[in-house]
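# Structure of the sequence below:
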Amino acid sequence: MDLQFFLCWRVAPLFLLMPCGLHCMSVRILDEEPVHVIPGSSLVLRARIEHGPLEGVSMVTWAREAETGASAARVTLATCPGRGLKCAGTKPSVRVNTEQQETTLQINEYSRADSGVYAVTVRDLTGAETTAHCIVREYEAVHHVSVSINVSHSSLVCGEAWGTDPSFSWLHERAAISQTVGKVSKDGTTLVVTMTPICGHFTCMVSNKLGYSSATYTAAPCETEGRGTTAAVVCLVFLLLLFGGVLAFLLWRRHRQNNRGERLHEHLDDTI
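This is a model prediction of the structure:
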């Protein structure tokens, strides 16, 4: 008994020094914020619940409020009370699945009105609550692509208004950028032109999951382009002249043969 009393006396302070070891509860949303959702698709948020062996979850609540605005109203989306944690959504499009270690929120047919700051609140058996937040925004298409030139640095800069996860790529005369033309930055927004002089058409294409848009910077025509056009015109004129000469020769030969036939026929008539 003395040994048991001694062990209890030594172990009890350890529990007092470990307030979050066995009794504290925490929750965190696993999705990296901000979460962007394409309109018409489903929003899914997953949260992990951490608690000690002596704790349990008595209620889980999902809610949403506007991302901006001082008087933003908080809207409750679903509550999961009781030991069974049976969840009840406030709308048919809202579904929640909750266990002791994890909770998942799903909203079908996502629209712009569903954007905002989402909060999941977990209450333990003693009534203490902990909350985690996540920002959710609408997935936007790319808009208003523009290209500007920085003459001092011999570079072209591509800009885009507010699209989600834009991806940048460059073309020169409708072909991919080669080392002789220039070098594209890691983020794709800047093209450092190494060719001299800067000439031709430079096109910046910006795309994401919803489509793409482009803008073109036009410099002076390249010499190779002018030479190629001139050569094509000269070749075409030569072919036309050659064809015309052959056609004229054939017509002349046919006319000559007809004349010889007529003279021969007249000579035979005179002889008879």
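# Extract the CA atoms of the helix or strand hosting Ala78 and return them as PDB.
If you go by DSSP states H and E, Ala78 is part of strand 75-81. Extracted in PDB, the C-alpha atoms of strand 75-81 (Å, rounded to 0.1, in the frame of the first residue of the first chain):
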ATOM      1  CA  VAL A  75     -25.100  30.700 -41.200                       C
ATOM      2  CA  THR A  76     -25.200  27.300 -39.600                       C
ATOM      3  CA  LEU A  77     -24.900  24.600 -42.300                       C
ATOM      4  CA  ALA A  78     -25.200  21.400 -40.200                       C
ATOM      5  CA  THR A  79     -25.100  20.100 -36.600                       C
ATOM      6  CA  CYS A  80     -24.100  16.700 -35.400                       C
ATOM      7  CA  PRO A  81     -25.200  16.200 -31.700                       C
END
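# Could you give the separation of it from the chain centroid?
Remark: strand 75-81 is offset 32 Å from the chain centroid, using Cα atoms, centre = their mean, to the nearest Å.
# what do you get for stretch 155-174?
On the basis of Cα atoms, centre = their mean, the separation between the geometric centre of stretch 155-174 and that of its chain is 12 Å.
# mean confidence score for that stretch?
For stretch 155-174, mean pLDDT rounds to 95.
# And stretch 237-246, by the same measure?
Rounded mean pLDDT across stretch 237-246 is 78.
# what comes up buried for that stretch?
Applying a neighbour-count criterion of 16 or more other Cβ atoms under 10 Å, one finds nothing buried in stretch 237-246. Backbone N, C-alpha and C define where each C-beta goes, glycine included.
# His144 is in contact with Cys158, isn't it?
No. Judged on Cβ atoms under 8 Å, His144 makes no contact with Cys158 at a distance of 11.4 Å.
# Between the two, point out the one with more neighbours.
Cys158 (27 against 12; other Cβ atoms under 10 Å).
# What separation do you get for that one and Pro197?
21 Å (Cβ to Cβ, to the nearest Å).
# all helices for the chain, in order.
2-17, 223-271 (DSSP state H).
# Which one of those helices has the poorest average confidence?
helix 2-17 (a mean of 45).
# which ones are touching Tyr110?
37-43, 138 (Cβ atoms under 8 Å, 6 or more residues apart in numbering).
# Which positions in stretch 99-114 come out as buried?
Under 16+ other Cβ under 10 Å, the buried positions of stretch 99-114 are 103-107, 110, 114.
# meant to ask about stretch 133-141
For stretch 133-141, using 16+ other Cβ under 10 Å, the buried residues are 134, 136-137, 139-141.
# quick one on the thing from earlier: which one (most neighbours) among the contacts of Tyr110?
Neighbour max across those (other Cβ under 10 Å) = Leu43, 22 neighbours.
# Go ahead and confirm Ala119 touches Arg64.
Yes. Taking Cβ under 8 Å as the definition, Ala119 is a contact partner of Arg64 at 7.3 Å.
# between these two, which one's more packed in?
Between Ala119 and Arg64, counting by other Cβ under 10 Å, Arg64 is the more crowded of the two (23 against 18).
# hey, what's that one bridged with?
Val75, Tyr118 (DSSP bridges).
# pretty sure it is touching Val117, no?
Yes. If you go by Cβ under 8 Å, Arg64 and Val117 touch, sitting 6.9 Å apart.
# Having no further points to raise, I will conclude here.
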